[in-house]
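Peer 1: Show me the folded form of this:
(2 chains)
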Amino acid sequence: MSLSEVKENREALVSEVSGDTRFMSRITSIGLTPGCRVRVVKNDKNRPLLVYTRDTMIALNRNECKGILVEEVRA
Amino acid sequence: MSGATIALLGQPNSGKSTLFNALTGLRQHVGNWPGKTVEKKEGSFVRDGKEFKVADLPGSYSLSANSDEEVITRDFIASGKADVVCILADSSQLQRSLFMLADYAGINVPSFLLLNMADVAQDQGKKIDASAIEKKLGIPVVPFSATDAKSYDSFYKTLERAISKDSRIDVEELAKQYESVKGYREICDLIPDNVIDGYSSMWLAVKVIENDAVVLAKLKNALSAGEYAKIEEARKNTKGAVATGNCKFKWIDELLDGAVKTNDKQVTLGRLDRIFLNKIWGKPAVILTVLFGLIASFIPALPFMGVGEAVLALKAPVMSGLTAINCPEFIVLIIGDVIIQSFSYIFKMLGFVFGVTLVFGLLEEVGVMARISYVFDNTMGKLGLQGKSVMPFLVSFGCTMGGAAGARVIDNWGQKVLTIALAWAVPCGAAWATIPMLSSIFFGPGAVLVIAVILITMLLHMWVTAKIFGRKLVKKEDRYGMIMELPPYHKPKWGALFRYVLGRTKETFIRVTKVILLVCGIFWLLSYSPSGNGGILYNIGVAIEPVTKFFGLPWQLFLSYVASAVGKEGAIGVISALYSGGAYGTAFTQAMSGAANTSNLGSLLLANVTKPEALAFIFAMTFNMPCVVALAATYQETHSAKWTGRIVLYYTVVSLILAFLAYHIGLLIW
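Peer 2: Numbering: from 1, shown residues only, chains lettered A, B, ... in the order given. Here you go, the predicted structure:
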């Protein structure tokens, strides 16, 4: 599933990141790489997605999330 | 004696600017990189009799080829212009913020690592063993907290240690990580040592895998076609930035292994964030914050305003004094109406610059600005701007100059210029004082409708301007959604903040004085006539009245429109003087120094101006260039005479088009 489909306060493992060179380098440099565990902190329509990973709160534009596939971690 | 040149390298929110301001204080200069639209910040400090130069390199999350900022940064370092690189990381988010260090490793310049925000990390219960990291890394590592005076001592000591030891990052472990990447060994072997100055083969090979356009182009140049084709071939089979990024993070994990202790407390949104980031309350909360900030910024501005008024109060006694000692009238007028008048403007403007820079700087520093970006990302993204751009727009309702000065929080030059260009369309406080007054004289209760139409026009104007200017300023490939860290709230570093604000105010003073004196001088000269009646502008205005009438502006209104480009406050004064038979030259200067309007302004206007003309004038005046001071601030922030000129020209043309439309629609109605 796409990262933006994960509900608030759920955790997920990033399984695949894909996009153009520019996107890949930006998403990697902020710490979202395959295998890393993220928690979705906020997921409001028309607002960037808010996720927490590697000790960092990250705001992600919804369009940019399309290239990030995750597997939800069952609590 | 001259010391070394230090380059500061760090991700956004790593505290780079705070360190730069704390180190250099008033000894800094902001310009553009030659031929580039990227801001260049340089400064210096003296320590033990040696002068150290500091280059604050543009903030970015990595050293890829995706933006001018990043390419400038890495080329600056690799070219050897810096003797030592200070790499900043955020101690509270060490794992992620060390990515810059990992991306830097392989550039052959001495460096040291600064673990900033040590205080924040400590508050979060994190314990970091800097010496353990230093041992693995091979370069000096220093914990740092900008608020702690002792930190600076260890900073200077570490700096000297890095220079004297010529310390370079030990990349052995990192190289081992890369060996596991498919295609890495092959590409690395194809790249000879020192093929591009300053970069190691390892670094270049990694950038090749990451499909780095700039590195690929350089290699193509440096190598034979056959060799390059082999590299290109090998690159196609790699997994790109995903693979190398993983290596970098694995290396960081090993680096931190055993050196960092944390308590695994789950981080949740604080009370403030639950309001700012709320779907419904976020926008009102941001707008209220900015408005309060704007009001608060008037407090530090007041002393400057007082000085401005005091300077203006000197005008009359100085002028009569000079006349008394038989000074030629022309010189008296230049001293009074141009020089003293201009300095009065300049001091008032500095008050605004000081206040707005302080408040915006504070919001940025404590982390509120990032929340503003988050809340308005979608809305502003439609205009090609960052969420932050909403702040200059809001400030411009009060004062366009404040808006332009506030635009400096936008870190991308193109977006900054576009923000200022759009902020000009927002009618300022002086326009808002004039619009209702004129509208109610001519249209009675219909004034409400006029104001509504002005607001709608403003939005349309901004949208159209964004389309026209945006194409060049913010290229399509630069328009991407936000991928940004939301930093934890920080306590402000007052000392560094004040030094920064004072530095910027000083620099603004030096730069804008020229512009304001020049423009005010030109306007005055055009308005001046020895007999008191006439003057170049007056003669032109009367001569071209047949043309301006086409736009709904008789010569009196046209000259008042011209005056409104200097300052909107003066527009009504000029109308009032001209229709009561005053001479233009005197009317202009008196209105600019705040002379009172005639008491029977209403009946005077109704007797001389038709409704469509009034409507045309309201639009022309409102959407004209805001004022000389806004012009100067725009030049100061954009560092570009070309773009400032374009914006002025554009606004002059558009305001006349709007006047034309308003006039002809008015003719249809009345």
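Peer 1: C-alpha from now on. contacts and neighbour counts both.
Peer 2: Noted.
Peer 1: Backbone dihedrals for residue B:30, please?
Peer 2: phi -120, psi 130 (degrees, to the nearest 10).
Peer 1: again, but for residue A:19
Peer 2: The phi/psi pair for residue A:19 (degrees, to the nearest 10) is phi 160, psi -170.
Peer 1: Now do the same contact list for it.
Peer 2: Residue A:19 makes contact with residue A:67, according to C-alpha atoms under 8 Å, 6 or more residues apart in numbering or on different chains.
Peer 1: same deal with residue B:344?
Peer 2: Residue B:344 sits next to B:307, B:308, B:309, B:310, B:311, B:312 when contact means C-alpha under 8 Å, 6+ apart.
Peer 1: so which helix or strand takes in it?
Peer 2: helix B:341-366 (DSSP states H and E).
Peer 1: Pull the number of nearby residues for residue 41.
Peer 2: I'll assume chain A. 22 (other C-alpha atoms under 10 Å in any protein chain shown).
Peer 1: try again with chain B
Peer 2: Residue B:41, neighbours per other C-alpha under 10 Å, totals 18.
Peer 1: any idea what it is structurally, helix, strand or coil?
Peer 2: strand (DSSP: H, G, I helix; E, B strand; the rest coil).
Peer 1: Excluding covalently adjacent residues, which one is nearest to it?
Peer 2: Leaving aside its chain neighbours, residue B:41 sits nearest to residue B:30 (4.6 Å; criterion: C-alpha to C-alpha, 6 or more residues apart in numbering or on different chains).
Peer 1: just how off-centre is the least confident helix or strand in chain A by mean pLDDT within its chain?
Peer 2: Among the helices and strands of chain A, helix A:62-65 carries the lowest confidence by mean pLDDT, DSSP states H and E, at a mean of 83. Distance of helix A:62-65 from the chain centroid (C-alpha atoms, centre = their mean, to the nearest Å) equals 9 Å.
Peer 1: Could you check the angle the longest helix seen in chain B makes with helix B:341-366?
Peer 2: Using DSSP state H to define each element, chain B has its longest helix at helix B:282-324. Between the axes of helix B:282-324 and helix B:341-366, defined by axes from the mean of the first three to the mean of the last three C-alpha atoms, to 10 degrees, the angle is 160 degrees.
Peer 1: Is helix B:282-324 in proximity to chain A?
Peer 2: No. Against chain A, helix B:282-324 shows no contacts by C-alpha under 8 Å from any C-alpha of the partner chain, the least distance being 10.4 Å.
Peer 1: and that helix, what's its mean pLDDT?
Peer 2: Taken as a whole, helix B:282-324 has an average pLDDT of 89.
Peer 1: mind listing what's buried in the helix or strand where residue B:45 lies?
Peer 2: If you go by DSSP H and E, residue B:45 is part of strand B:39-47. Neighbour counts over strand B:39-47 (16 or more other C-alpha atoms under 10 Å in any protein chain shown) mark B:39, B:40, B:41, B:42, B:43, B:44, B:45 as buried.
Peer 1: Hmm, the third one is touching residue B:55, no?
Peer 2: Yes. Residue B:41 sits in contact with residue B:55 when judged by C-alpha atoms under 8 Å, with a separation of 6.1 Å.
Peer 1: on that earlier part again, distance to residue B:510 and neighbour count added to the contacts of residue B:344, as JSON lines?
Peer 2: Output for the contacts of residue B:344, formatted as JSON lines (distance: C-alpha to C-alpha, whole Å; neighbours: other C-alpha atoms under 10 Å in any protein chain shown):
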{"residue": "B:307", "distance to residue B:510": "17", "neighbour count": "17"}
{"residue": "B:308", "distance to residue B:510": "16", "neighbour count": "23"}
{"residue": "B:309", "distance to residue B:510": "20", "neighbour count": "18"}
{"residue": "B:310", "distance to residue B:510": "20", "neighbour count": "13"}
{"residue": "B:311", "distance to residue B:510": "18", "neighbour count": "17"}
{"residue": "B:312", "distance to residue B:510": "20", "neighbour count": "19"}
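Peer 1: Spell out which parts of chain A neighbour chain B.
Peer 2: A:17, A:21-22, A:24-31, A:33-34, A:41, A:44, A:46-48, A:54-64.
Peer 1: now the helix or strand that comes right after the helix holding residue B:344, how far from the centre of its chain.
Peer 2: Tracing the chain C-terminally past helix B:341-366 and defining elements by DSSP H and E, one meets helix B:368-375 next. How far helix B:368-375 lies from its chain's middle: 16 Å, per C-alpha atoms, centre = their mean.
Peer 1: same thing with stretch B:87-95?
Peer 2: On C-alpha atoms, centre = their mean, the centre of stretch B:87-95 falls 26 Å from the chain's centre.
Peer 1: Identify all contacting residues around the strand or helix carrying residue B:556.
Peer 2: Residue B:556 is part of helix B:555-566 when elements are defined by DSSP H and E. Residues from elsewhere that reach helix B:555-566 (C-alpha under 8 Å, 6+ apart): B:520, B:537-538, B:541-542, B:544-545, B:548-549, B:570-572, B:574-575, B:578-579, B:588, B:617, B:620-621, B:624-629.
Peer 1: If we use 6 Å, what do you get?
Peer 2: Residues from elsewhere that reach helix B:555-566 (C-alpha atoms under 6 Å, 6 or more residues apart in numbering or on different chains): B:541, B:542, B:545, B:571, B:574, B:575, B:621, B:625, B:626, B:627, B:628.
Peer 1: List the buried residues of the helix or strand of chain B with the lowest mean pLDDT.
Peer 2: Sorting the helices and strands of chain B by mean pLDDT, DSSP H and E puts helix B:584-592 at the bottom, at a mean of 72. Neighbour-count burial for helix B:584-592 flags B:584, B:585, B:586, B:587, B:588, B:589, B:590, B:591, B:592 (criterion: 16+ other C-alpha under 10 Å).
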